[in-house]
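Asks: I'd like to go over a predicted model; first the sequence, then the structure.
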Amino acid sequence: MIAEAFVSWKKGFISERACEEIKKYLLKIYGHPKISREDYPAFLENTLQDKNNENKEVLASLLEEIGKANFNIPLNAEEITTAIDYYNE
């Protein structure tokens, strides 16, 4: 959810402040297990397995605002890895 909030911010759907609030709240509740960079390729491969994807394109649900989502937003590998890097900070 933190990575999705980050991509939502970068795509202009939510503010940076909202993204940071989401991250702070989720880390407080769930902690912060890191994702190793060596696991990124497997992580990316697994994102292709989602049933909502179409034609090997990763489709995500991103926030339009807290509590409201945009659906089937295409993401590329760079956006996903940048979002994981943000999560890992």
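Replies: Arrived safely, thanks for sending.
Asks: what about the residue lying closest to Leu44 once chain neighbours are set aside, neighbour count?
Replies: Take Leu44 and drop its neighbours on the chain: the residue closest to it by Cβ to Cβ, 6 or more residues apart in numbering is Ala77, 5.6 Å away. Every residue, glycine included, has its C-beta placed from N, CA and C. Number of residues near Ala77 (other Cβ atoms under 10 Å) recorded here: 13.
Asks: Could you check how far Ala77 is from Glu21?
Replies: 27 Å (Cβ to Cβ, to the nearest Å).
Asks: In stretch 5-19, which residues are buried?
Replies: 5-10, 13-14, 18-19 (16 or more other Cβ atoms under 10 Å).
Asks: and for the host helix or strand of Leu26, what are the contacting residues?
Replies: Leu26 is located in helix 16-30, with elements delineated by DSSP states H and E. Applying Cβ atoms under 8 Å, 6 or more residues apart in numbering, the external contacts of helix 16-30 come out as 1-2, 5-6, 8-9, 63, 65-66, 87.
Asks: What's the separation between the residue in the chain sticking out farthest from the centre and Leu48?
Replies: In the chain, counting by Cα atoms, centre = their mean, Asn55 sits farthest out from the average C-alpha position, at 20.0 Å. For Asn55, the distance to Leu48 equals 11 Å [Cβ to Cβ].
Asks: Also Val58?
Replies: According to Cβ to Cβ, Val58 and Leu48 sit 6 Å apart.
Asks: With neighbour numbers in mind, choose between these two.
Replies: The residue with more neighbours, out of Val58 and Leu48, is Val58; 19 against 11, by other Cβ under 10 Å.
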